[in-house]
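Novice: need the 3D shape of this:
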Amino acid sequence: MAIRGITGGVQVPVRVRPKSRPGMHLESGQLTISVAAPAMEGRATEEARRALAAALRIPAGRVTLRTGARSRMKVFVVAGVAPEEATRRLEALPRA
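Specialist: Next up, the predicted model:
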């Protein structure tokens, strides 16, 4: 998994699948978040942000989008989480 430590938190790359059955899984080291929201007006991104926060068991306000506002490939910044802890929590997700 390509989680990268940064000052004060981590960067988590994700693939977002809009208009899908909600869920989250790892496939070949890539985190994929499927959301019901369409890819319109940032709704899928917001739903993915909240799902990532829930998977990491942190408040959604600590997760922000860094890159990929108009792309399915996004990078979120998660504040206050160590890389090892984020990796451990996300690797507990189901595998595809």
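Novice: which strands or helices does the helix or strand of the chain with the lowest mean pLDDT pack on?
Specialist: Least confident element among the helices and strands of the chain, by mean pLDDT, DSSP states H and E: strand 23-27 (a mean of 91). Judged by 3 or more C-beta pairs under 8 Å, 6 or more residues apart in numbering; DSSP states H and E, strand 23-27 is in contact with strand 30-34, helix 43-56. No exception for glycine: its C-beta is placed from N, CA and C like everyone else's.
Novice: at 10 Å instead, please
Specialist: For strand 23-27, the packing partners by 3 or more C-beta pairs under 10 Å, 6 or more residues apart in numbering; DSSP states H and E come out as strand 9-17, strand 30-34, helix 43-56, helix 83-91.
Novice: neighbouring contacts of that strand?
Specialist: 1, 14-15, 17, 31-36, 48, 51-52, 54-55, 90-96 (C-beta atoms under 10 Å, 6 or more residues apart in numbering).
Novice: could you redo the last one with a cut-off of 7 Å?
Specialist: Residues outside strand 23-27 that contact it (C-beta atoms under 7 Å, 6 or more residues apart in numbering) are 1, 32-34, 51, 55, 91, 93-96.
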